[in-house]
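In: coordinates only, sequence not included:
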């Protein structure tokens, strides 16, 4: 009888150690610190206590959208959830931003970023959790990004003792034109971070797939506004007036020649005039016309050249038509954003981690995007990588693109985003520890 009791005890001990295998290890690896038990992460993120928690967070944020630097309730909700998890954080960082910390509190540091702000647009999707704020909508998926990062935090906190450094959670304000990322950096919140990762939901990429590319991913861009002043008068007597509408028309046409005649045909650039205001009556020549637009390119020097030529063309063409023009690039209101350029080494790393999680056949390349993303500011300060996580399920419906009033989020994407956050951050910490031990003195002790 004693023999059988001994055998039973050995079996129990064996099962205990089997079940206690850290989730941030890989049974297929000879070094458990090199890789993650990635499939288990996705299973954990799909558990109801995690998935339903993320869904509830996202829907609360979606119902109460807040634009850049006004994300007070969103920030409060994030802090409440971090308090529930026992995750320490700094606040306020750049008005509404929240910076959380999970791990040892010591180096190395790796960051994960989610944006909090909504768009100034009216939601036209009819569902139970539609925006309650007229004229404001989460039409780009930032509510989903916050939910997924909090979902990652929930799992990470439960396994904090397995971390080999510190994961920095960046809940950033004002991505949509407010350069929140730049202000986070200027505040010194990420001074000692070794790398940063960010994701974006993709409405036209299948659920369970990810897409990205090495090098340029999104264009850099800026905005401009010009006032062209002439002399008003009666439309029947144009000889007594100086017509700013005619001047503005020629300005707009000439601006298109910058790209078509001056830019390298092998380099993608855009100059678009999206706004024109002038005149109030069909038989009156106005005193002035205002135009506004945007310019995009994938090289910083190209952006500088576009900006220079836009100003030259507007002032020059206005002068041809006897008008005066002033040009503003709105730097104080909508700062220019550099191109989003993914670090080459992090691209290889991303493909390895995402391939282990999803299957290498689910990791796709992506074409260049002319939209801008202020994640680019982080990439200028440290190695950074942004990718798109697919959420389209064509068996249910085709999703509309970003910034559409009909934009929807397929909440089934949440476990994938949370698991990718965890996988990328934890494995990178292990990689840093393996390559450069903290005791070598490379790292500072704190952020």
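Out: Okay, I see it. Since the model is a prediction, treat every value here as computed from it, not as a measurement.
In: what about stretch 43-52, how long is it end to end?
Out: Taking Cα to Cα, to the nearest Å, stretch 43-52 runs 14 Å from one end to the other.
In: if we go by neighbour counts, what in that stretch is buried?
Out: 44-45, 50-51 (16 or more other Cβ atoms under 10 Å). (Glycine included, C-beta is placed from N, CA and C.)
In: that one - what's its average pLDDT?
Out: Average pLDDT, stretch 43-52: 97.
In: from the chain's centroid, how far away is it?
Out: Mean C-alpha position of stretch 43-52 versus that of the full chain (Cα atoms, centre = their mean, to the nearest Å) differs by 24 Å.
In: my guess is residue 295 contacts residue 270. True?
Out: Yes: Residue 295 lies in contact with residue 270 (Cβ atoms under 8 Å); the separation is 6.6 Å.
In: which one of the two has more residues nearby?
Out: Neighbour totals were compared for residue 295 and residue 270, and residue 295 leads with 26 against 15 (other Cβ atoms under 10 Å).
In: and that one, what element?
Out: strand 288-297 (DSSP states H and E).
In: please list the outside residues in contact with the next helix or strand after that strand.
Out: Moving toward the C-terminus from strand 288-297, the next helix or strand (DSSP H and E) is helix 300-320. Residues from elsewhere that reach helix 300-320, judged by Cβ atoms under 8 Å, 6 or more residues apart in numbering: 220-222, 224, 226, 228, 244, 247, 250-251, 254-255, 257-258, 262-263, 267, 269, 271, 295, 297, 324-325, 327, 329, 336, 338-339.
In: continuing past helix 300-320, what's the next helix or strand?
Out: Heading C-terminal from helix 300-320 (DSSP H and E), you reach strand 324-328.
In: what's the average pLDDT for that following strand?
Out: 98.
In: repeat for stretch 71-91
Out: pLDDT averaged over stretch 71-91 gives 98.
In: how far off centre is it?
Out: 20 Å.
In: what residues of it count as buried?
Out: Those would be 71, 74-75, 77-79, 81-82, 85, 87, 89, 91, for stretch 71-91 by 16+ other Cβ under 10 Å.
In: can you list the weak-confidence ranges in this protein?
Out: Residues of the chain that meet the criterion pLDDT under 70 lie in 1-39, 436-447.
In: check which helices and strands the top strand by length along it is in contact with.
Out: Taking DSSP state E as the criterion, the chain has its longest strand at strand 195-206. Judged by 3 or more Cβ pairs under 8 Å, 6 or more residues apart in numbering; DSSP states H and E, the packing partners of strand 195-206 are strand 109-115, helix 142-158, helix 344-358, helix 375-381, strand 384-392, helix 414-435.
In: contacts for the helix or strand that that strand is followed by next, please.
Out: Per DSSP H and E, the first helix or strand lying C-terminal to strand 195-206 is strand 210-212. Here strand 210-212 makes contact (Cβ under 8 Å, 6+ apart) with 202, 205, 342, 347, 350, 354, 358, 362-366, 385-390, 416, 420.
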